[in-house]
Every structure is written in C-alpha cells, then in structure tokens.
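generate coordinates for the sequence data below:
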Amino acid sequence: MLALAMAFGDSNVTFTQEKVQGSDVGATIVFPKDPRRRLEVWWQNPNRTGLFLIDIAGKSIWTGPEDLHLGLTLPELEKRNHKPFKLKGFDKDGVATVSDWDGGALATLPGGCKASVNFHADPRTAKGNAKDAASAISADKEYSSADEAVRAAKLSVSEILIGYQVGWVRRAAP
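As a prediction, this is how the structure comes out:
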C-alpha cells in the first residue's frame with residue numbers, strides 16, 4: 001500500500017474493508033473519488049501486503065494485460081485471446097463470467113496472474129432481441145463465446161479481475 005501511496009499520492013489512496021463470502025478483505029482504493037481513474041487493489045494479508053486481486057470496474061479507464069478494458073465486445077475479447085473461450089451464463093445479478101480461456105492468450109499471463117472477465121448485456125443494445133437473448137443464457141451452463149445465443153446477447157466487459165492467488169473469488173454484486 002505504501003508503494004501505491006508513493007506512486008499516486010497519499011490523498012489519492014484509501015483503505016477499506018470489503019465483505020467477501022462472510023470475511024473481511026482489505027482493499028486499497030486508488031482514486032476513490034474519480035470513477036474514471038478508480039482501481040481496487042485487494043491484499044492477501046491484514047498488513048496490506050501480498051497482492052491478491054486487482055479489480056477494474058464501473059467507469060474506470062484502467063487497462064489490464066493484452067489491453068483488456070471495460071466495454072470490450074465479445075469479438076474484441078476473442079481477438080485478444082486469439083480464439084473463442086468459455087463463459088457461464090447470467091447469474092441472478094445479470095452477470096456472465098469467463099469460465100475458461102480455453103488455452104488462448106489470456107489463459108497464461110506474465111507474473112503468474114490470472115485474468116477473469118465479467119459481462120453484462122450491453123445496455124445500449126440490450127433492447128428487444130438482445131435482452132431476450134441474455135435471459136436465454138442460463139447461469140448453470142457453460143457456453144462458447146462463439147455460440148450464436150451468446151453473440152445475440154451483445155455482451156460487453158463490465159469488470160476485469162486480475163488475480164494473484166489460486167482460488168481467488170469474484171466479488172459479490174453490491
């Protein structure tokens with residue numbers, strides 16, 4: 001956390017506790033008052049060491065490995081992965097999640113980190129057929145990103161999670 005405060009300025013870095021599956025997890029928020037520059041850094045240890053997870057969400061303009069950024073469409077994400085991938089359908093919060101990069105470029109990243117991506121049906125195009133398509137993609141099934149029903153849902157990246165530990169979890173929706 002000290003390195004983040006030194007890099008971004010003490011006034012641009014705050015610490016908070018988040019509830020994840022019933023446990024408190026420490027998180028440093030970089031630029032907490034600026035939605036476009038906001039970044040969450042989660043820690044493995046209570047003393048704010050041991051990088052656990054980086055969360056890019058909301059209106060953030062941060063980018064991840066392979067130029068992952070919010071708003072990417074399914075075809076754009078496939079291009080970065082160099083092939084189709086697998087995803088789980090929409091959960092009760094309307095979130096679909098990458099379940100397997102299927103050996104693509106995003107399956108193995110430098111530094112031993114793992115990337116995951118969450119999707120929403122694109123609100124600009126989720127009218128009529130796209131919204132109906134999204135509701136047809138069940139949370140209890142896995143789909144190929146190349147599946148016609150998945151494509152019809154007009155998915156876009158709504159959250160990027162870069163994990164640094166095996167077994168990291170997706171944050172519950174607020």
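
tell me the contacts of the closest residue to T73 other than its chain neighbours?
Nearest non-adjacent residue to T73, counting by C-beta to C-beta, 6 or more residues apart in numbering: S156, 5.6 Å away. Where C-beta positions appear, they are placed from N, C-alpha and C, glycine not excepted. Residues in contact with S156 (C-beta atoms under 8 Å, 6 or more residues apart in numbering) are L70, G71, L72, T73, L74, F119, H120, A121, D122.

separate out the buried members of those residues.
L70, L72, T73, L74, F119, H120, A121, D122 (16 or more other C-beta atoms under 10 Å).

surely the first one touches V157?
Yes. With contacts defined as C-beta atoms under 8 Å, L70 counts as touching V157 at a distance of 5.5 Å.

show me what the residue nearest to T73 bridges to in the sheet.
S156 forms beta bridges with T73, H120, as assigned by DSSP bridges.

ok, which stretches of this structure are helices?
Taking DSSP state H as the test, the helices found in the chain are 2-8, 74-81, 129-135, 148-152.

what's the most buried one of those helices?
Neighbour counts (mean count of other C-beta atoms under 10 Å) averaged over each of the helices of the chain peak at helix 74-81, with a mean of 18.

start to end distance for stretch 109-118?
By C-alpha to C-alpha, to the nearest Å, the extent of stretch 109-118 from end to end equals 18 Å.

please identify the buried residues of that stretch?
Buried-residue list, stretch 109-118, by 16+ other C-beta under 10 Å: L109, C113, K114, A115, S116, V117, N118.

residues touching the last one, list them.
When contacts are counted by C-beta under 8 Å, 6+ apart, N118 touches V95, A96, T97, V98, V157, S158, E159, I160, L161, R170.
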